[in-house]
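Colleague: this one's structure only:
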């Protein structure tokens, strides 16, 4: 009887060691789904996912090339995990818009700002 209990205990420990563990992904890339054209106040609304809370390392990059190089860094007037609002800077022209959420660059979305 003692052998059976020891065997069951060892089997339980072995199975517990092989069980998968859950991990939170810390490297989720922000995703821009859409960008509205500037409204009367010059505001642009970006809709998407994984934008985070808009901390100190979060901003919008407009007028950049498709790799996120160049462009103009813009602070947001409103920031939520799914929506970012910013005022379009003057004379940016065509290019890509990116969201940088806590230092992580999103994929770019083409945006033509006047």
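Modeller: Happy to help now that I have it. Because the structure is predicted, anything quoted here is derived from the model rather than measured.
Colleague: pretty sure residue 107 is touching residue 31, no?
Modeller: Yes - at 7.0 Å, residue 107 counts as touching residue 31 under the criterion of Cβ atoms under 8 Å. Just so you know, the C-beta spots here come from the backbone N, C-alpha and C atoms, and that holds for glycine as well.
Colleague: And residue 50, how far from residue 91?
Modeller: 30 Å (Cβ to Cβ, to the nearest Å).
Colleague: Tell me which of the two has more neighbours.
Modeller: Higher neighbour count among residue 50 and residue 91: residue 50, with 16 against 9, using other Cβ atoms under 10 Å.
Colleague: Which pLDDT value does the model give the spatially most central residue of the chain?
Modeller: Taking Cα atoms, centre = their mean, the centroid of the chain lies closest to residue 30, which sits 1.9 Å from it. Per-residue confidence (pLDDT) for residue 30: 96.
Colleague: tell me the contacts of it?
Modeller: 48, 49, 50, 51, 52, 99, 100, 101, 104, 105, 106 (Cβ atoms under 8 Å, 6 or more residues apart in numbering).
Colleague: Is it possible to mark the buried ones in those?
Modeller: 48, 50, 51, 52, 99, 100, 101, 104, 106 (16 or more other Cβ atoms under 10 Å).
Colleague: Could you pick out which of those residues are located in helices?
Modeller: Of the buried ones among the contacts of residue 30, none are assigned to helices by DSSP state H.
Colleague: Can I get these in JSON lines including pLDDT and distance to residue 65?
Modeller: Output for the buried ones among the contacts of residue 30, formatted as JSON lines (pLDDT from 0 to 100; distance: Cβ to Cβ, whole Å):
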{"residue": "48", "pLDDT": "97", "distance to residue 65": "20"}
{"residue": "50", "pLDDT": "95", "distance to residue 65": "23"}
{"residue": "51", "pLDDT": "95", "distance to residue 65": "22"}
{"residue": "52", "pLDDT": "92", "distance to residue 65": "24"}
{"residue": "99", "pLDDT": "97", "distance to residue 65": "16"}
{"residue": "100", "pLDDT": "96", "distance to residue 65": "15"}
{"residue": "101", "pLDDT": "94", "distance to residue 65": "20"}
{"residue": "104", "pLDDT": "93", "distance to residue 65": "18"}
{"residue": "106", "pLDDT": "96", "distance to residue 65": "14"}
